[in-house]
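**Student:** my questions concern the predicted model and sequence given below.
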Amino acid sequence: MTASDARKVLVMGIGNTLLQDDGIGVHVTELFKSLSPADPNVEVLDGGTIGLSLLPEIEDADAVVIVDASEIGERPGTIRIFRGQEIDRQLSGKKRSVHEVALYDLFSAAAIRDRSPEQRVLIAIQPASTEWGLEPTPEVKAAIPAACDALTSLTRQWQDAAR
């Protein structure tokens, strides 16, 4: 496989690391980046609380994995994986954070421009608290390794499929 044949994967952690569990997406992607060998076809990005300035990164990717705290109606630390249109349904319902709205807008803008990634996945983690604090709550912090494993598995599957 040549570099031009490789699939470009964008891994983006979303959230505010000053608000306990809200920053879980960033914590997961930081661990992923520290454990993964460098790969020019996998871009890891701290999306913060996101905005339309991230549209070029979304549009340039063949596949995108977003990791974020999301209200999924489960126990804190529970992980759910949403794919494709499941993401749209999850994000278009009741919002718990501003960045869920912005993420929906970001995907919508890419779709309107007919430049959506072929594959989209949201790794959603149920928060316990989004109050001021630099560390996630214990139950959500305990989910970081499993979320990182899911992220690693997804990126490997996509890269292997491109070979």
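**Tutor:** Cool, got the structure.
**Student:** contacts only, for residue 90.
**Tutor:** Contacts for residue 90 were tallied using C-beta atoms under 8 Å, 6 or more residues apart in numbering; they are 70, 72, 82, 122, 124. Quick note: C-beta positions are derived from backbone N, CA and C, even for glycine.
**Student:** name the helix or strand for it, please.
**Tutor:** helix 85-92 (DSSP states H and E).
**Student:** helix, strand, or coil at the residue nearest to the spatial centre of the chain?
**Tutor:** The centroid of the chain falls nearest to residue 66 when counting by C-alpha atoms, centre = their mean (1.3 Å). Three-state assignment for residue 66 (DSSP: H, G, I helix; E, B strand; the rest coil): strand.
**Student:** thinking again about what came up before, wait, which of the contacts of residue 90 is closest to residue 139?
**Tutor:** Nearest to residue 139 among those, counting by C-beta to C-beta, is residue 72 at 13.8 Å.
**Student:** which secondary structure elements does the worst-scoring helix or strand of the chain on mean pLDDT contact?
**Tutor:** Lowest by mean pLDDT, DSSP states H and E among the helices and strands of the chain is helix 98-112, with a mean of 78. On a contact count with 3 or more C-beta pairs under 8 Å, 6 or more residues apart in numbering; DSSP states H and E, helix 98-112 meets helix 55-60, strand 63-69, helix 85-92.
**Student:** swap the cut-off to 6 Å and go again
**Tutor:** The contact analysis (3 or more C-beta pairs under 6 Å, 6 or more residues apart in numbering; DSSP states H and E) places helix 98-112 against helix 55-60, helix 85-92.
**Student:** relative to the whole chain's centre, how far out is that helix?
**Tutor:** Relative to the chain's own centre, helix 98-112 is displaced by 13 Å; criterion: C-alpha atoms, centre = their mean, to the nearest Å.
**Student:** okay, strands next: where are they in this protein?
**Tutor:** Listed in chain order, the strands of the chain (DSSP state E) span 9-14, 42-48, 63-69, 79-83, 119-125.
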